[in-house]
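*Asks:* Fold the stuff below for me.
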Amino acid sequence: QVQLVESGGGLVQAGGSLRLSCAASGRTFSSYAMGWFRQAPGKERVFVATISWSGDRTYYADSVKGRFTISRDNAKNTVYLQMNSLKPEDTAVYYCAARRGFVTTFSYQYDYWGQGTQVTVSS
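*Replies:* Modelled structure (predicted):
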């Protein structure tokens, strides 16, 4: 069982930056691929970024490529999402997720989810 707790969300102006953190419980964090997803009001949850258990592979949605960076610190059981050059369309609840095995962009393949953190970007 893995418990995930996101933090770092908030209100920021367009062009600004935020860093989201996702702290995981459990001793086997380093064996999990981690992902970030987001859900805007009235829309489906969509993929943002994912990172392999070792951190050597990362993938991004086209909408955030070049602006967002996913990383992880297995010693701290934490995954991060650095978000730069934020746009109003990035406004959403951001969720982290974990799964054992290979990285994937499909939300249904993740086994554990956090409660989400709100990110609001004002224009």
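
*Asks:* can you give me the helices in this structure?
*Replies:* Assigned by DSSP state H, the chain shows no helices.

*Asks:* which residues does the residue positioned nearest the centre of the chain contact?
*Replies:* Central residue of the chain (Cα atoms, centre = their mean): residue 36, 2.5 Å from the mean position. Counting by Cβ atoms under 8 Å, 6 or more residues apart in numbering, residue 36 touches 20, 22, 48-50, 70, 79, 81, 94-97. Any C-beta I mention is one placed from the backbone N, CA and C, and that applies to glycine too.

*Asks:* repeat for residue 122
*Replies:* Counting by Cβ under 8 Å, 6+ apart, residue 122 makes contact with 11-14, 88.

*Asks:* repeat that for 10 Å
*Replies:* 11-14, 16, 86, 88, 91 (Cβ atoms under 10 Å, 6 or more residues apart in numbering).

*Asks:* cool, and residue 67?
*Replies:* Applying Cβ under 10 Å, 6+ apart, we find residue 67 in contact with 17, 60, 82-87, 90.

*Asks:* Now list the buried members of those residues.
*Replies:* 60, 83, 86, 90 (16 or more other Cβ atoms under 10 Å).

*Asks:* Adding distance to residue 101 and pLDDT, write those residues out as JSON lines.
*Replies:* Converted to JSON lines, the buried ones among the contacts of residue 67 look like this (distance: Cβ to Cβ, whole Å; pLDDT from 0 to 100):
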{"residue": "60", "distance to residue 101": "20", "pLDDT": "98"}
{"residue": "83", "distance to residue 101": "26", "pLDDT": "98"}
{"residue": "86", "distance to residue 101": "31", "pLDDT": "98"}
{"residue": "90", "distance to residue 101": "28", "pLDDT": "98"}
